[in-house]
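Q: Fold the stuff below for me.
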Amino acid sequence: MSMYDLSPNPVQNSTSPARPAGKKSPLIPLLIIGALVVGFGFGLVFYGQIAPLAKDINLSLPQQSQTQSAGGGNGESAEYQPQTTQEEAVIRAVKDYSPAVVSIIITKDVPVYEEYYTRRTDPWGLWDFQVPQMRQNGTEEQEVGAGSGFIVSEDGMVVTNKHVVADKEAEYTAITVTGEKYPAQVLALDPAQDLAVLKIDAVGQKFSAVRLGDSSNLQIGQTVIAIGNTLGEFDNTVSVGVISGLKRSITAGGVGASETLENLIQTDAAINEGNSGGPLLNLKGEVIGVNTAIASNAQSVGFVLPINLIKRDIDQVKATGTITYPYLGIYYTTVDSAVQKNNNLPVNYGAWVTTTDYENPQSDVFPVVPGSPAKFAGLLDQDIVLEINGEKIDKDNPLSQVIAKYNPGDKVTLKVQRGNSQIELEVTFGDRSDYE
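A: Coordinates of the predicted model:
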């Protein structure tokens, strides 16, 4: 057997006649020809049966996919196509309104410290040694914080949270999604809400602005989109979730300061440090709130100020350059069924004029503030304000929320429960800043 011969060894004692070398058997060609004839015959029969069916169902070779052809033949990938109408709405809203979202950078002159050494001698005067100490060596401008905001007018008016721009000694810079930087001036701080209005310093330039929606008809479960400068590092970060709750009240703040925020939107759209002041949008791309606070001991629990509060601030700043609130001048407790039962009140709604606080009695405080609009209107201790201009006051629509819809100087009619009778009083709201 020659090398590389992979055939089996020949049988040594075979009785069959040996085939002469180089002479081929005629059986193999006949078998091949027979197989071809049979295969061709079966092919004709199969084609005759399958051809009509193929015609009916329009069988054809796979064509190049639309995505491949759109991308060209050079291996380029086509633009992603949304798979659902909701996904398409989210993508469209982000594309349309991300240019109106800005990162707000907070800078401030902070002390610069250096280390130096002083020479000391031990009490016995045997040796000297160097003692390290620190001293201030001037100041330098540093970034001390960051937040978010959104442009509400083409001339560069920006809305954000008050706590983002509360430092009067700091300077603020607005950075657009394209990386352009503009100095930003604080125009007004809302005295009652965590809101502020800024102005980008760019004379003659037109900016992309958001579209403001309506926060009065929101629904739990509604899809929402949050955009902001997450962690002060990742600008124009997008997160999507739903409205988890409405009319929430929380106490928010940091070390040494806190404030009570009412009528908030709760959402599970991811809101993180740095998102403060950014917009919350619906699927139409309309801003329905300002991202304001998070529950640090929970996951995906964020709180948002409704946009209708911001509309009032924007209009006031445009008209007067400041933000003011009307003032009535009473201490009160919101009445519900429990308060009615515990105090034997004639109604289960309204604002009860009283200084009664079961945890912190205020016996030294006048229920009706002397010299206030309420005093001039004739409100008395133990009165219950039921309505203002026909709008009912209850736990879901407290007095402070109703009053906030008006301006200083507005005259309204109060429907008041006094004992077992109901009367009407007219009052002209004062300016809250005059009584602080």
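Q: Output the below-cut-off pLDDT ranges for the chain.
A: For the chain, residues meeting the criterion pLDDT under 70 lie at 1-78, 80, 82-83, 110, 139, 253-258, 356-364.
Q: Domains in it, by residue range?
A: 211-320, 326-435 (automatic domain parsing).
Q: and those as CSV, adding mean neighbour count?
A: Every C-beta, even on glycine, is put in place using the N, C-alpha and C of the backbone. Listed next are the domains of the chain as CSV, based on neighbours: other CB atoms under 10 Å:
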stretch, mean neighbour count
domain 211-320, 19
domain 326-435, 16
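Q: For those domains, give me CSV that also has distance to residue 147.
A: Output for these, formatted as CSV (distance: least, CB to CB, whole Å):
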stretch, distance to residue 147
domain 211-320, 5
domain 326-435, 24
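Q: Residue 87 is nearest to which of those domains?
A: Residue 87 sits nearest to domain 211-320 of all the domains of the chain, at 9.4 Å, using CB to CB.
Q: gap between the closest one and the chain center?
A: Distance of domain 211-320 from the chain centroid (CA atoms, centre = their mean, to the nearest Å) equals 6 Å.
Q: same deal with stretch 344-360?
A: Its chain's average C-alpha position is 37 Å from that of stretch 344-360, according to CA atoms, centre = their mean.
Q: next one: stretch 385-399
A: 30 Å.
Q: now stretch 164-178
A: How far stretch 164-178 lies from its chain's middle: 19 Å, per CA atoms, centre = their mean.
Q: quick one, helices of this protein?
A: 27-57, 66-71, 85-97, 307-320, 337-343, 373-377, 399-403 (DSSP state H).
Q: Out of the domains of the chain, which is closest to residue 129?
A: Proximity to residue 129 (CB to CB) singles out domain 211-320 among the domains of the chain, at 39.0 Å.
Q: Residue 116: what's it in contact with?
A: 132, 133, 134, 135 (CB atoms under 8 Å, 6 or more residues apart in numbering).
Q: Which residue comes closest to residue 94 once chain neighbours are left out?
A: residue 238 (5.4 Å; CB to CB, 6 or more residues apart in numbering).
Q: quick one, strands of the stretch 301-436 of the chain?
A: For the stretch 301-436 of the chain, the strands defined by DSSP state E, counting those that start in this stretch occupy 302-306, 326-327, 332-334, 351-353, 384-388, 391-392, 411-418, 421-428, 430-431.
Q: helices or strands next to the third one in the packing?
A: Based on contacts counted as 3 or more CB pairs under 8 Å, 6 or more residues apart in numbering; DSSP states H and E, the elements that strand 332-334 packs against are strand 351-353.
Q: what residues does the strand it packs on touch?
A: Here strand 351-353 has contacts from 330-335, 339, 343, 345, 367-368, 379-385, 393, 398-399, using CB under 8 Å, 6+ apart.
Q: Much appreciated, bye for now.
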